[in-house]
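> How does the following fold in three dimensions:
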Amino acid sequence: MTAPLNLIKLCVGAEGPEDLERWQDMRFGDGPAVHVTRMWPKREAELLDGGSIYWVFKGVLLARQRILRLDESFGEDGIRRCALVLDRELHRVSAVPRRPFQGWRYLAGEDAPPDLPKGRESEEPLPAEIAAALAQMGLV
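Residues are numbered from 1 along each chain as shown. So this is what the prediction gives:
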């Protein structure tokens, strides 16, 4: 079985996964979270076959949310956009440094970091510069 295709996105304005959880609680209550993006993924079927969106906080990939579906959304300007409908459960993952980028990118399942084991979800991540050095050495 192959690993699912995922998306990776910067979580701008949030300090970490706890900030994202608080914001989604305030914004969406008990319903699914929605993130609207300008571009519609061409590989939709692959994403919906178990894919997640991986969130990068301040240069470090730290969490993921499963993608439930993609909905059509129109902005005030009338332009069609893609609403990523996300499961509310935020899974912490092994910290991986990431350089800034715009929009979202595909993330192959085999390149995605593993989820942290239960009980380690709230561990403090390594400082970004140490995580980056370890990643360059192939140790993370």
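
> C-alpha from now on. contacts and neighbour counts both.
OK.

> Please name the nearest non-neighbouring residue to the spatially most central residue of the chain.
Ranked by distance to the mean C-alpha position of the chain (C-alpha atoms, centre = their mean), the top residue is residue 54 at 2.2 Å. Leaving out its chain neighbours, the residue that sits closest to residue 54 by C-alpha to C-alpha, 6 or more residues apart in numbering is residue 64, at 4.2 Å.

> And residue 116, by the same measure?
Closest to residue 116 by C-alpha to C-alpha, 6+ apart is residue 93, at 4.9 Å.

> What segments of the chain are helices?
Applying DSSP state H to the chain gives helices spanning 17-28, 44-47, 128-136.

> Compare those helices and report which one is nearest to residue 105.
helix 44-47 (11.9 Å; C-alpha to C-alpha).

> hang on, the earlier thing: show the contacting residues for the residue nearest to the centre of the chain.
Applying C-alpha atoms under 8 Å, 6 or more residues apart in numbering to residue 54 gives the contacts 6, 7, 8, 9, 61, 62, 63, 64, 65.

> if you set the cut-off to 7 Å instead, what comes out?
7, 8, 9, 61, 63, 64, 65 (C-alpha atoms under 7 Å, 6 or more residues apart in numbering).
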